[in-house]
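Participant: Predicted coordinates and the sequence they were generated for:
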Amino acid sequence: MEYKQFAKYYDKFYQNKNYAKETDFLMNFLNPNDNIIDVGCGTGIHAFLLQQKGFKVDGLDLNKEMLDIAQTRISSKLYLQDILNLNINQKYNVIISMFAVLNHLKNIQELEKALQNFKNILTDDGKIIIDLHNPQNSGSKIDTYDNMTRTMKWNYDKKSKIEDSQIIFEIDNKKYVDSHTFRIFTINEIKQCCTNVGLVVKAIYENYDINKPGISVSKNLQFLISKI
């Protein structure tokens, strides 16, 4: 099942995700007049919450169905584009990319290309904030919301740095199966790719906590990046 089929159920299954905490984390790095773009904005909840705090936030996503939902929340510009082929004639003070967007990239070469594209639309004094999934083990879990059930199983291969996941959604007595592969990028890989394109990692955090430095075994990592 592709995201376009899942778009209308997406927010229901992630209703317990702490978007407010993540937005409060982002606020530590923002200035009142910042012009922000949310790359991989999905249905636009981070952008919406920032917009409520007075920021102008554009959005970008590869999935039209997700953007259609985001359009109901965000009053600014939305781009239907791939992060590997950005075509934006505008500069931003802040680029955010949340909820493991870059983990969808297949390899180091794609990561470097995406970071180069981010740099191309970043002002000289701007900053990039990315959130990455960083699993340590394989596992499974089941979530139930109203008349919907989500069964997740994931296998993480530490040698290849690949996580393969299968998600089974049971919605209104119908079953949908989604499989996806995440490339898990190490801290050193992120730093090296940044260096290669003229960016620098300024700080790393864990679990959207400004007081908790991110380390190699953190479950998730947030990177603050700027131009060299």
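Facilitator: Alright, I've got the coordinates.
Participant: remind me which residues of the protein are low pLDDT?
Facilitator: 1-11, 13-16 (pLDDT under 70).
Participant: how close does the residue of it most remote from its centre sit to D146?
Facilitator: What lies farthest from the middle of the chain is N173; by Cα atoms, centre = their mean that is 30.3 Å. With the distance defined as Cβ to Cβ, to the nearest Å, N173 ends up 13 Å from D146. For the C-beta atoms, the positions are set from N, CA and C on the backbone; glycine is no exception.
Participant: Same check on C193?
Facilitator: Using Cβ to Cβ, one obtains 41 Å as the distance from C193 to D146.
Participant: Those two: who's more crowded?
Facilitator: Here C193 and D146 are compared on neighbour count by other Cβ atoms under 10 Å; more neighbours surround C193, at 22 against 8.
Participant: dump the residue contacts of the more buried one.
Facilitator: When contacts are counted by Cβ atoms under 8 Å, 6 or more residues apart in numbering, C193 touches I108, L111, E112, L115, F185.
Participant: swap the cut-off to 10 Å and go again
Facilitator: By Cβ atoms under 10 Å, 6 or more residues apart in numbering, the contact set of C193 is 102, 108-116, 185, 199, 201.
Participant: Could you dump those residues into TSV with neighbour count and secondary structure added?
Facilitator: Below are the contacts of C193 laid out as TSV (neighbours: other Cβ atoms under 10 Å; DSSP: H, G, I helix; E, B strand; the rest coil):
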residue	neighbour count	secondary structure
L102	24	helix
I108	16	helix
Q109	11	helix
E110	16	helix
L111	23	helix
E112	18	helix
K113	18	helix
A114	25	helix
L115	23	helix
Q116	16	helix
F185	23	coil
L199	22	strand
V201	18	strand
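Participant: Can you show me the helices along this protein?
Facilitator: Per DSSP state H, the chain has helices spanning 3-13, 19-27, 45-52, 64-71, 108-120, 187-197. These are given in chain order.
Participant: Outline the domain layout of the chain.
Facilitator: 3-134+185-227, 139-181 (automatic domain parsing).
Participant: just those domains: most buried one?
Facilitator: With neighbours defined as mean count of other Cβ atoms under 10 Å, those peak in mean count at domain 3-134+185-227, which reaches a mean of 17.
Participant: ok now that one, how far from the chain's centre?
Facilitator: The chain centroid and the centroid of domain 3-134+185-227 are separated by 5 Å, computed with Cα atoms, centre = their mean, to the nearest Å.
Participant: what about the residue lying closest to S179 once chain neighbours are set aside, distance to Q51?
Facilitator: Take S179 and drop its neighbours on the chain: the residue closest to it by Cβ to Cβ, 6 or more residues apart in numbering is Q166, 5.0 Å away. Distance of Q166 to Q51, given as Cβ to Cβ: 35 Å.
Participant: same deal with L132?
Facilitator: Taken as Cβ to Cβ, the span from L132 to Q51 is 24 Å.
Participant: and what of K113?
Facilitator: Going from K113 to Q51 by Cβ to Cβ gives 29 Å.
Participant: same thing with F29?
Facilitator: From F29 to Q51 the distance is 17 Å (Cβ to Cβ).
Participant: same deal with I37?
Facilitator: Taking Cβ to Cβ, one finds I37 at 12 Å from Q51.
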